[in-house]
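Engineer: With the input below, show me the fold.
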Amino acid sequence: ARGNAERDAAGVEAQRAQLETQKESEVVARRLEVMLQGGVDGFLLIDREWRYTHVNRAALELLGKPLNEIVGRVVWEAFPEAVGSTFHTVATRVMAERKPEQFEEQAVRWDKWLEFRMYPAPEGIAIFVRDITERKRAEAKLQEASQRLRQSEARVKAAQARAKMGRWEAGMATAENRWA
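Structural biologist: Below you'll find the predicted structure:
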């Protein structure tokens with residue numbers, strides 16, 4: 001009788017531990033869901049058959065489609081224009097090789113630049129996507145300004161040469177000045 005009581009107590013303790021673990025897992029899952037839904041980055045989960053299984057609000061806004069037009073659908077059917085794109089090439093490679101990758105691509109359909117980070121997941125691939133359009137515009141403006149500055153410097157040098165003008169250059173390291 002004592003052996004049965006000990007076995008029963010051990011069984012009850014194992015069930016209690018299992019319930020605690022299950023509750024902790026549910027709490028972690030709820031926290032993860034809140035983080036993924038409330039994040040700035042879009043989050044997509046694609047299974048090994050290329051079907052969207054999870055899409056957060058930020059991703060829906062970037063993709064411009066309602067949830068019911070994406071979840072459960074094959075990526076290439078939902079977005080046929082993606083076939084042959086960098087997204088298609090990299091996603092296929094991440095799915096096959098199971099190695100994470102990151103890249104940027106211009107999404108002409110949405111007139112946006114997007115940054116993708118893709119990670120292998122047990123059920124397929126997890127994708128984080130961010131709109132980087134403003135950063136790309138700022139980079140383009142900076143590059144244009146830099147180009148204009150170089151052109152302006154070249155015009156000044158050419159004008160100095162035509163006028164047979166020079167300028168004083170101060171050598172800070174040697175404390176020498178020279179006419180250039």
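Engineer: what about the helices in the chain?
Structural biologist: Secondary structure of the chain, counting by DSSP state H: helices at 2-38, 57-63, 75-78, 86-97, 133-162.
Engineer: so where is this structure shaky, pLDDT-wise?
Structural biologist: Segments of the chain classed as low confidence (criterion: pLDDT under 70) are 1-3, 5-7, 9, 11-12, 16-40, 160-168, 171-173, 175, 177-180.
Engineer: Nearest to the middle of it, which residue? Look it up for me.
Structural biologist: When the chain is reduced to its mean C-alpha position, the nearest residue by CA atoms, centre = their mean turns out to be Phe116, at 3.4 Å.
Engineer: residue contacts, that residue?
Structural biologist: Phe116 sits next to 87, 90, 102-105, 127-129 when contact means CB atoms under 8 Å, 6 or more residues apart in numbering. (Glycine included, C-beta is placed from N, CA and C.)
Engineer: Return the set of residues that bridge with it.
Structural biologist: Listed by DSSP bridges, the beta-bridge partners for Phe116 are Phe103, Val129.
Engineer: Pull up the gap between it and Ile132, please.
Structural biologist: Computed with CB to CB, to the nearest Å, the distance linking Phe116 and Ile132 is 10 Å.
Engineer: Next: Glu123.
Structural biologist: Applying CB to CB, one obtains 27 Å for the distance of Glu123 from Ile132.
Engineer: Which one of the two is surrounded by more residues?
Structural biologist: Summary of the neighbour comparison: Glu123 and Ile132, criterion other CB atoms under 10 Å, with Ile132 having more neighbours (17 against 13).
Engineer: Would you mind measuring from that one to Glu139?
Structural biologist: Distance of Ile132 to Glu139, computed by CB to CB: 9 Å.
Engineer: Glu153 versus the residue lying closest to Glu176 once chain neighbours are set aside, what's the distance?
Structural biologist: Of all residues beyond its chain neighbours, the one nearest Glu176 is Ala170 (8.0 Å), with distances taken as CB to CB, 6 or more residues apart in numbering. From Ala170 across to Glu153, the span is 18 Å (CB to CB).
Engineer: Kindly provide the distance from the closest residue in space to Leu60 that isn't next to it in sequence to Leu44.
Structural biologist: Nearest non-adjacent residue to Leu60, counting by CB to CB, 6+ apart: Leu67, 6.1 Å away. To Leu44, Leu67 is 12 Å away according to CB to CB.
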